[in-house]
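Participant: Have a look at this fold, sequence not included:
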């Protein structure tokens, strides 16, 4: 993905027969996506015309008229230009900015890199890929894993 784009959701599949899609939301809430009328899904520019809350949020795009067109978008990331996002407050971050950051312990010993960021409802988890290729999910919170000066400082006890 282009570093000038930030993913706010992924299209999980079609919803109904009228061209609506189910979303997996990466943003904090639906309003984070709702404020953007123009988004990208893969290489396509789309106009967001409706967004509603459900078990999985449902979106409608002006350019998508039927189920087959909606289903063709399955798996695509819904992104917006980084410049269109609101400025970050102190201590805030976009998940996309964490991916690829080096991870080290408090002494500066390299432990790996951030491969992904997940949130299953209880807070952010970073997936750390270690030099040997093994991966561990680590809670991204103070005292365990923290963002400091462009790197993640983490407690190696949490690397399973």
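Facilitator: On my side now, so go ahead. Just so we're clear, the structure is a prediction, and the values are computed from it rather than from any experiment. Residues are numbered from 1 along each chain as shown.
Participant: Identify the residues contacting the residue positioned nearest the centre of the chain.
Facilitator: Nearest to the mean C-alpha position of the chain, counting by Cα atoms, centre = their mean, stands residue 26 at 4.3 Å. Contact partners of residue 26, counting by Cβ atoms under 8 Å, 6 or more residues apart in numbering, are 7-10, 95, 119. In short, each C-beta sits where N, CA and C put it, glycine included.
Participant: Am I right that residue 104 is in contact with residue 110?
Facilitator: Yes: assessed by Cβ atoms under 8 Å, residue 104 is found in contact with residue 110 at 5.4 Å.
Participant: where does this protein dip in pLDDT?
Facilitator: For the chain, the stretches with pLDDT under 70 are 1-3.
Participant: how far away is the residue of the chain positioned farthest from its centre from residue 153?
Facilitator: In terms of distance from the mean C-alpha position of the chain, residue 107 ranks first, at 29.8 Å (Cα atoms, centre = their mean). Applying Cβ to Cβ, to the nearest Å, the value for residue 107 to residue 153 is 10 Å.
Participant: swap in residue 13?
Facilitator: For residue 13, the distance to residue 153 (Cβ to Cβ) stands at 39 Å.
Participant: what's the answer for residue 140, then?
Facilitator: For residue 140, the distance to residue 153 equals 11 Å [Cβ to Cβ].
Participant: more neighbours, these two?
Facilitator: Under the criterion of other Cβ atoms under 10 Å, the comparison of residue 140 against residue 153 puts residue 140 first, with 22 against 18.
Participant: Tell me the spacing between the residue nearest to the centre of the chain and residue 9.
Facilitator: Applying Cβ to Cβ to residue 26 and residue 9 gives a distance of 6 Å.
Participant: for stretch 72-88, how far is the first residue from the last?
Facilitator: The stretch stretch 72-88 measures 34 Å between its terminal residues, going by Cα to Cα, to the nearest Å.
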